[in-house]
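# Sequence first, predicted coordinates after that:
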Amino acid sequence: MKKSQIFLTLVVSFFLTGCMVSKTQMEEEIGLRDLQTQKLQAQIEELSKEYDSLLSEVRSLKKTNLDLDKEVSKLKGTVQEKDKEIKKFLAEKAEWQQAEEGLMKDIGLLKEDVAGLEKEILAKDTKIKTLGESLAQTEKGGQQAQEIINRLKQENEKITAEISDLQVSVREEKGKLIITMLDKILFDSGKADIKEKAKPTLDKLGKILKEYGNREVLIEGHTDDDPISTAFFPSNWELSARRATTVLRYFVEGHKISPKRISAAGYGEYRPVDSNSTIKGKANNRRVEVILLPQELDIEREKLQ
């Protein structure tokens, strides 16, 4: 405010108040007012500077705010992308969890299969072990059987050599030794009484049977197919059986062969070794066979016969 304006204001105030003051007082008042005005102007300038500063700060804040808005917008976009990634991750996680559950189920089934296979393997191992033991026993038994067979073969060869001077034929079959005597040596036609001239042959056979007490003895009677019908022998069965038992009694009573290891059978004409269409064939079929069985071997008599 200008000094003239201040002075005018003071004059007007003076007249309005109806008071009279001196010039000095008025000058002092004007000076005071002038100082106050200067102070006010200084305050106004300071305030103006502060306003400019605040305005500059506001502008800066607005710019910062715009930058922040951009950053916020950018962050929102980033958040949305992250949210998509998170959702995708969660979906993939759910798939992996489902796959993991399936794998765990498969693993459980595989464990069951493995347990089953282990049981099968254990059973097979046990079976293999048992088979191995059986094989070892079989091999041992086979070795023992082979030793017995070799010994029987040697015995059979020795017996064959010992009776080579007799009117008999000898053959070996499945470990048994079959000594065949034709009926003309032992009996008259249609009879079952041993001839005197046949007894030396039977005596030598009796000594051999006594020597080889480990053998069972089977005596078989056979005929040709010519029928017989007498009071003593209604058929060839009775004739063949009687001839076999007569020889058996000769060995048991004359040479003390144990009845527990000797037996007799009559087969009539039903087990021929030759054709009955010729005289020679009929003669070969009329026979008594002394069979030495290998007692040590576990062979059924039916198979040996």
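It's in.
# Could you report the neighbour count for residue 161?
Using other Cβ atoms under 10 Å, residue 161 is surrounded by 10 other residues. All C-beta atoms are positioned from the backbone trio N, CA, C, and that covers glycine.
# what does the one 4 residues further on give?
Burial of residue 165 is recorded as 9 neighbouring residues (other Cβ under 10 Å).
# what do you get for residue 121?
Neighbours around residue 121, by other Cβ under 10 Å: 12.
# part of a helix, is it?
Yes: using DSSP: H, G, I helix; E, B strand; the rest coil, the assignment for residue 121 is a helix.
# Against residue 156, how distant is it?
Residue 121 is 50 Å from residue 156, where distance means Cβ to Cβ, to the nearest Å.
# swap in residue 169?
Counting by Cβ to Cβ - residue 169 and residue 156 are separated by 14 Å.
# Tell me which of those two has more neighbours.
A direct count of neighbours by other Cβ under 10 Å for residue 169 and residue 156 places residue 156 higher, at 21 against 15.
# packing partners for the helix or strand in which that one is found?
With elements taken from DSSP states H and E, the one containing residue 156 is helix 23-162. Under the contact criterion of 3 or more Cβ pairs under 8 Å, 6 or more residues apart in numbering; DSSP states H and E, helix 23-162 touches helix 3-17, strand 169-173, strand 176-182, helix 199-211.
# mind checking which helix or strand of the chain has the lowest mean pLDDT?
helix 301-304 (a mean of 43; mean pLDDT, DSSP states H and E).
# Just grab the bridge partners of residue 292 for me.
residue 177, residue 217 (DSSP bridges).
# from what I can see it touches residue 177, true?
Yes: Residue 292 lies in contact with residue 177 (Cβ atoms under 8 Å); the separation is 4.4 Å.
# shared neighbours of the two, anything?
Common neighbours of residue 292 and residue 177, using Cβ atoms under 8 Å, 6 or more residues apart in numbering, are 156, 159.
# ok, back up a step: chain center to the helix holding residue 156: distance?
39 Å (Cα atoms, centre = their mean, to the nearest Å).
# Stretch 288-296 now?
Stretch 288-296 has its C-alpha centroid displaced from the chain centroid by 49 Å (Cα atoms, centre = their mean).
# CA atoms only: put that stretch into CSV for me.
Taking C-alpha atoms only, stretch 288-296 is exported to CSV below (Å, rounded to 0.1, in the frame of the first residue of the first chain):
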residue,chain,number,x,y,z
VAL,A,288,10.9,-175.6,-17.8
GLU,A,289,12.5,-172.3,-17.1
VAL,A,290,14.5,-171.6,-13.9
ILE,A,291,14.6,-167.8,-13.5
LEU,A,292,16.9,-166.0,-11.1
LEU,A,293,15.4,-162.7,-10.2
PRO,A,294,17.6,-159.7,-9.1
GLN,A,295,16.2,-159.3,-5.5
GLU,A,296,18.2,-156.1,-4.8
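# tell me the contacts of residue 245?
219, 264, 266.
# by how many degrees do the helix or strand containing residue 244 and helix 199-211 diverge?
Taking DSSP H and E as the criterion, residue 244 maps to helix 236-255. For helix 236-255 against helix 199-211, the angle by axes from the mean of the first three to the mean of the last three Cα atoms, to 10 degrees is 70 degrees.
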